[in-house]
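Participant: Show me the folded form of this:
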Amino acid sequence: MFADWPLLSLLIWLPAIGGVLVLFVGGDKHAARARFLALFFSLLNMFFCVLAYIYFDNHTYKMQFVENITWIPAYGIHYALGVDGISLPLIFLTAFTTLLVILASWKTIHQKVSQYLATFLIMQGMVIGVFAALDSLLFYIFWEGMLIPMYLSIGIWGSENRSYAAIKFFLFTFMGSALMLVALLYLRIQVNSFYILDFYEAPLSMTVQVLIFVAFLLAFAVKVPMWPVHTWLPDAHTEAPAGGSVVLAALMLKMGAYGFLRFSMPITPDASRALDWFMITLSLIAVVYIGMIAIAQKDMKKLIAYSSVSHMGFVTLGCFMLYIITAKTGNVLDAYMGLEGAMVQMISHAFGSGAMFLGFGMLYERLHTRLISNFGGIAKTMPIFSAFFIIFALSNIGLPGTSGFVGEFMIILSAFKANFWIAFSAALTLIIGAVYTLWMYKRVFYGTIANEHVAALKDIGKLEILIFSLITITIFGIGLYPAPLLDMFHVSVGHLLELSLRSKL
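Facilitator: Prediction:
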């Protein structure tokens, strides 16, 4: 019965409609009503995500739950939606993350509550639209549309320099996408269609492929973000409210990596092969250099932000190593591990880094400081919170048994098939990540109690324990038994490999 429902449209528009309804609840005197209404729509979306997972067929790479309605016939634009094993896990992640953000706002957001909740519900719909769109113009509309609620979340509920961070975030991400629109319009002219899957068959010369690859690169590299276009992220993370930081880390960065997988590699395979060294170099700089920058940070939130850039370098490394691996071994199966590792890393990073931002948001709500030097001895006053935070920190550095280990291990192992020095450089993150994460944890949670404000802290309550428990279960679930996740995108990754290795020349 449910298989015939427009599940993807429900996943996109239910939270958007819910956000509008939450706006009409009224001012802060009706905050409780707004919270429960937002929670209802978030839980309803999770229900439809579970249905999509139940009815999803892991054994085919073809798009499923397809909806295709002519939208603007004069220009051949369609309202076309569909998911495969690459996009469905990211949609599930989006729904789960938004649910956590709404729960976490229960005790931390006290002003303009309905507007805050509506912002994140509408943003959820836009992000799911990015992962579900099969029409490239529809993809672009969702891609740019989600910038508005994120801009508002930073600009309204952020810290002191929120205006600067919001404008910088918007300009970087919006301007980076300008050339992507030009590339999409060019491809539309070539194949007489905006349908993304039709682009895969477009015959393109090497020069055209390189130009399209660069156009996509500017949009997706800013979103990941890759070095050197990463500078907007620390400012955005630092000034954003806790919910904004969680969405940035868990969802927005994944949109850039998804763009490489959905557009750059299958549409411009020869350019991707020719420029793989460039992408690998940028990825390793992010892994090593940005990781070392994180060590030097005095601001706890900036440290976590730089760690996100470093860990996302692993994702792009896993994506673009496939050309070196197949050229060296001649076996396509050897490239599976790198791409699947990148997918797992995208999911696991959301829980490790996102949970750390969520935890820091709770600390900031109590102490109103970001400087590590102003913390100390928190484990003595907040033992339950400290126990959860060390789990998130250990997942962030890739401890075996946690979700962070699975993706990093697969990528490093596949890197050995490509080149020893690539693998060696990538493996440095295991040391660098442990240094900045554990050193930060030691200074914040251990030692003598820093001041009377820390001494007066009370431990987290039942709601926070519920939120952190859900994340912890997911971290250990993926870390100890990643098979369901790997099975979901295994066939789709295989099809992506086939498209990415098929020359158009």
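Participant: Okay, buried residues for the helix-or-strand element of the chain with minimal mean pLDDT please.
Facilitator: Scoring the helices and strands of the chain by mean pLDDT, DSSP states H and E places helix 452-455 at the bottom, with a mean of 78. Across helix 452-455, burial judged by 16 or more other CB atoms under 10 Å covers Val454. C-beta here means a position set from N, CA and C on the backbone, and glycine is covered the same way.
Participant: Helix or strand next in line after that helix, which one?
Facilitator: Later in the chain than helix 452-455, the nearest helix or strand by DSSP states H and E is helix 462-480.
Participant: From the rest of the structure, what touches that next one?
Facilitator: For helix 462-480, contacts defined as CB atoms under 8 Å, 6 or more residues apart in numbering pick out 96, 100, 103-104, 106-107, 344, 347-348, 351-352, 354-355, 358-359, 362, 384-385, 388, 391-392, 395, 400-406, 460, 485.
Participant: For the least confident helix or strand of the chain, name the packing helices and strands.
Facilitator: Packing partners of helix 452-455 (3 or more CB pairs under 8 Å, 6 or more residues apart in numbering; DSSP states H and E): helix 333-367, helix 378-381.
Participant: contacting residues for the residue nearest to Leu179 when sequence neighbours are not counted?
Facilitator: Distances taken as CB to CB, 6 or more residues apart in numbering put Ala215 closest to Leu179, at 3.9 Å, once the chain neighbours are dropped. Applying CB under 8 Å, 6+ apart to Ala215 gives the contacts Leu179, Met180, Val182, Ala183.
Participant: quick one: the least confident helix or strand of the chain to chain centroid distance?
Facilitator: 35 Å (CA atoms, centre = their mean, to the nearest Å).
Participant: repeat for stretch 71-87
Facilitator: Put simply, stretch 71-87 sits 22 Å off its chain's centre (CA atoms, centre = their mean).
Participant: Need the mean per-residue confidence for it.
Facilitator: For stretch 71-87, the mean pLDDT works out to 88.
Participant: Please apply the same query to stretch 46-57.
Facilitator: 90.
Participant: ok, now stretch 166-184?
Facilitator: Across stretch 166-184, pLDDT averages out at 85.
Participant: buried residues in it?
Facilitator: Buried residues in stretch 166-184, counted by 16+ other CB under 10 Å: 166, 168-170, 172-173, 176-177, 179-181, 183-184.
Participant: Show me the shaky parts of the protein.
Facilitator: Scanning the chain for pLDDT under 70 picks out 1-4, 450.
Participant: rewinding a little: helix or strand: which one has the residue nearest to Leu179?
Facilitator: Taking DSSP H and E as the criterion, Ala215 maps to helix 206-223.
Participant: Contacts for the helix or strand just after that helix next, please.
Facilitator: Using DSSP H and E, the helix or strand that follows helix 206-223 in sequence is helix 232-239. Contact with helix 232-239 is made by 154, 158-162, 164-166, 168-169, 172-173, 222, 225, 244-245, 248-249, 253, 299, 301-302, 304-306, 308-309, 357, 370, as judged by CB under 8 Å, 6+ apart.
Participant: and the angle from helix 232-239 to helix 206-223?
Facilitator: With axes from the mean of the first three to the mean of the last three CA atoms, to 10 degrees defining the directions, helix 232-239 sits at 20 degrees from helix 206-223.
Participant: on that earlier part again, among the helices and strands packed on helix 452-455, which is the most enclosed?
Facilitator: Most buried of the helices and strands packed on helix 452-455, by mean neighbour count (mean count of other CB atoms under 10 Å): helix 333-367, with a mean of 24.
Participant: Switch the helices and strands packed on helix 452-455 over to TSV; also include distance to Val229.
Facilitator: Shown next, in TSV, are the helices and strands packed on helix 452-455 (distance: least, CB to CB, whole Å):
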stretch	distance to Val229
helix 333-367	19
helix 378-381	35
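Participant: Out of those, the one nearest Ser425 is which?
Facilitator: Closest to Ser425 of the helices and strands packed on helix 452-455, according to CB to CB: helix 333-367, at 14.7 Å.
Participant: hmm, back to that, any idea which of the buried residues of stretch 166-184 is closest to Tyr323?
Facilitator: In terms of CB to CB, no member of the buried residues of stretch 166-184 lies closer to Tyr323 than Ala183, at 20.9 Å.
Participant: Quick one: residues contacting the closest one.
Facilitator: Applying CB under 8 Å, 6+ apart to Ala183 gives the contacts Leu211, Ile212, Ala215, Phe216.
Participant: Please apply the same query to Leu23.
Facilitator: Counting by CB under 8 Å, 6+ apart, Leu23 makes contact with Ser114, Gln115, Ala118.
Participant: Centre of the chain to the helix or strand hosting the second one, how far?
Facilitator: Per DSSP H and E, Gln115 falls inside helix 113-132. When distances are taken as CA atoms, centre = their mean, helix 113-132 is centred 14 Å away from the chain's centroid.
Participant: who does that helix touch, helix- and strand-wise?
Facilitator: Going by 3+ CB pairs under 8 Å, 6+ apart, helix 113-132 lies up against helix 7-23, helix 31-55, strand 77-83, helix 87-104, helix 136-145, helix 147-157, helix 242-247, helix 253-259.
Participant: Grab the nearest non-local neighbour of Trp13.
Facilitator: Nearest residue to Trp13, sequence neighbours excluded (CB to CB, 6+ apart): Gly125, at 6.2 Å.
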